[in-house]
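K.L.:
need a structure here:
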Amino acid sequence: MRIGSLQIESRVCLAPLSGITDFPFRRLVRSFGTKLVYSEMIASGELVRNDADSRQRMHPDGGGVHAVQLAGRETEAMRRAAEVAVGEGADLIDINMGCPAKKVVGGLSGSALMRDLDHALRLIEATVEGAGSVPVTLKMRLGWDRTSLNAADLAVRAEGAGVSLVTVHGRTRDQFYTGKADWQAIGDVSRAVGIPVVANGDLVRAEDRCAMLRASGASGVMVGRASCGRPWFPALVAGELDASRTQESFADLVLDHYDQMLDFYGPHTGVRHARKHFGWYLDRYESACGATLSLDRSELMRAIDPALVRPRLRSLFGAATLCDVDLDLQATMQRAA
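P.N.:
Next comes the predicted model:
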């Protein structure tokens with residue numbers, strides 16, 4: 001996909017996931033071959049105020065295109081935040097107009113902006129101005145609800161304002177993450193603009209990619225929650241996962257991720273961030289291996305001493321490989337054989 005001046009040698013990217021796509025996770029996902037990964041959402045006002053947590057979320061993952069997602073409702077804050085991000089090395093700025101969270105929508109950011117396209121356009125124009133020569137992309141939903149499916153209208157305005165790509169999650173805001181993503185409806189956006197459109201929502205198996213592209217007419221797809229607990233999944237969807245890596249130790253991967261979180265956040269905060277990822281890793285292991293690890297899960301969620309966590313993880317996952325813990329990966333490898 002071409003995004004402004006950038007040429008991305010893939011049609012698959014990792015979604016910006018709040019509290020998930022931090023530096024350690026992005027670096028891990030990228031290590032499997034994923035070409036484009038987005039930072040977690042960063043509040044523009046906080047970044048402009050030099051908030052330490054916001055700057056930490058913007059930390060580059062050390063490879064490829066550094067894509068930073070910004071959210072906000074004030075035009076000046078969005079313009080200045082884009083300037084700050086570009087000054088810190090961002091190669092691409094994404095605008096969040098899709099987050100359905102009550103905290104974000106209550107602050108008139110995220111998908112709330114789809115209720116006021118005139119104001120949304122002003123924010124886009126300010127961000128494009130602040131980004132200068134760096135490409136700007138936009139992530140949105142289909143609309144606020146089924147009575148206001150205005151994604152195509154917003155995409156047309158965004159293209160006119162200089163946005164280089166739009167991503168559409170195939171749900172309305174009032175759906176949150178319930179129901180089924182409407183890939184066909186994303187097609188209205190693909191037909192309305194000349195810039196690339198990326199389809200997002202409910203891509204949970206590698207084989208979904210082709211169906212999603214067909215139904216949406218999109219140029220690419222974005223993997224979101226399906227990457228939790230399997231950072232290799234976006235590369236698998238893209239057909240970029242080296243077959244030899246499927247036999248790598250699952251315990252080694254989890255421990256590497258754990259150590260990266262401790263290094264990045266420090267021991268106290270890193271332990272807390274690790275727990276949600278432990279939950280997803282355990283879910284994948286249980287689902288694929290038919291195990292029940294409720295007592296082990298409880299123990300890991302309470303543990304604070306890395307010297308106890310590491311051997312416990314090693315013992316739990318034993319000799320399991322990545323292929324062993326991902327049924328979709330197994331099916332893909334069997335088809336390839």
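
K.L.:
quick one, helices of the stretch 1-150 of the chain?
P.N.:
Ranges of helices in the stretch 1-150 of the chain, per DSSP state H, counting those that start in this stretch, are 23-31, 44-48, 52-57, 75-87, 102-106, 117-131.

K.L.:
And the second one, what does it pack against?
P.N.:
Under the contact definition 3 or more Cβ pairs under 8 Å, 6 or more residues apart in numbering; DSSP states H and E, helix 44-48 sits against helix 52-57, strand 65-71, helix 75-87. From N, CA and C alone the C-beta is placed, and that goes for glycine too.

K.L.:
which of the ones you listed sits most buried?
P.N.:
The highest mean neighbour count among these, using mean count of other Cβ atoms under 10 Å, belongs to strand 65-71: a mean of 26.

K.L.:
neighbouring contacts of it?
P.N.:
6, 8, 16, 35-44, 47, 58, 60, 78, 81-82, 85, 89-96, 99, 104, 109-110, 127, 137, 139 (Cβ atoms under 8 Å, 6 or more residues apart in numbering).

K.L.:
Of all the helices and strands packed on helix 44-48, which one is nearest G220?
P.N.:
Closest to G220 of the helices and strands packed on helix 44-48, according to Cβ to Cβ: strand 65-71, at 13.3 Å.

K.L.:
Just the CA atoms of the closest one, as PDB, please.
P.N.:
In PDB, the C-alpha atoms belonging to strand 65-71 read as follows (Å, rounded to 0.1, in the frame of the first residue of the first chain):
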ATOM      1  CA  VAL A  65       7.600   2.900   9.900                       C
ATOM      2  CA  HIS A  66       6.900   4.600  13.200                       C
ATOM      3  CA  ALA A  67       3.200   5.200  13.300                       C
ATOM      4  CA  VAL A  68       1.700   7.300  16.100                       C
ATOM      5  CA  GLN A  69      -2.100   7.500  16.800                       C
ATOM      6  CA  LEU A  70      -3.500  10.700  18.300                       C
ATOM      7  CA  ALA A  71      -6.900  11.500  19.800                       C
END
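
K.L.:
Partner strands of it and their direction?
P.N.:
Strand pairing for strand 65-71, determined by DSSP bridges: strand 36-38 (parallel), strand 42-43 (parallel), strand 92-97 (parallel).

K.L.:
by how many degrees do it and helix 23-31 diverge?
P.N.:
Angle of strand 65-71 versus helix 23-31, following axes from the mean of the first three to the mean of the last three Cα atoms, to 10 degrees, is 140 degrees.

K.L.:
Next, the angle helix 75-87 makes with strand 65-71.
P.N.:
Taking the same axes, to 10 degrees, one finds strand 65-71 and helix 75-87 inclined to each other by 160 degrees.

K.L.:
relative orientation of strand 65-71 and helix 117-131 in degrees?
P.N.:
With the same axes, to 10 degrees applied, the angle from strand 65-71 to helix 117-131 works out at 140 degrees.

K.L.:
Averaged pLDDT, strand 65-71. What do you get?
P.N.:
Taken as a whole, strand 65-71 has an average pLDDT of 97.

K.L.:
Counting by contacts, list what the helix or strand harbouring A331 packs against.
P.N.:
Using DSSP states H and E, A331 sits in helix 327-336. With contacts taken as 3+ Cβ pairs under 8 Å, 6+ apart, helix 327-336 sits against helix 233-238, helix 267-289.

K.L.:
For the helix or strand following the last one, buried residues please.
P.N.:
Toward the C-terminus, helix 267-289 is succeeded by helix 294-302 as the next helix or strand (DSSP H and E). The neighbour-count check on helix 294-302 (16 or more other Cβ atoms under 10 Å) flags D296, R297, L300 as buried.

K.L.:
just checking, the last one touches R312?
P.N.:
Yes. Between L300 and R312 there is a contact at 6.5 Å, judged by Cβ atoms under 8 Å.

K.L.:
Assess the claim that A85 and L92 are in contact.
P.N.:
No. The pair A85 and L92 does not pass the contact test of Cβ under 8 Å, sitting 9.4 Å apart.

K.L.:
ok, G194 - how many residues close by?
P.N.:
Per other Cβ atoms under 10 Å, the neighbour tally for G194 reads 7.

K.L.:
Next: P231.
P.N.:
What P231 shows, counting by other Cβ under 10 Å, is a neighbour count of 26.

K.L.:
what about it, distance to R27?
P.N.:
P231 sits 9 Å away from R27, going by Cβ to Cβ, to the nearest Å.

K.L.:
tell me the contacts of the residue nearest to G4 when sequence neighbours are not counted?
P.N.:
Setting aside the residues directly before and after it, G4 is nearest to P135 in space (Cβ to Cβ, 6 or more residues apart in numbering), at 2.9 Å. By Cβ under 8 Å, 6+ apart, the contact list for P135 reads I3, G4, S5, L6, D91, L92, I93, S164, L165.
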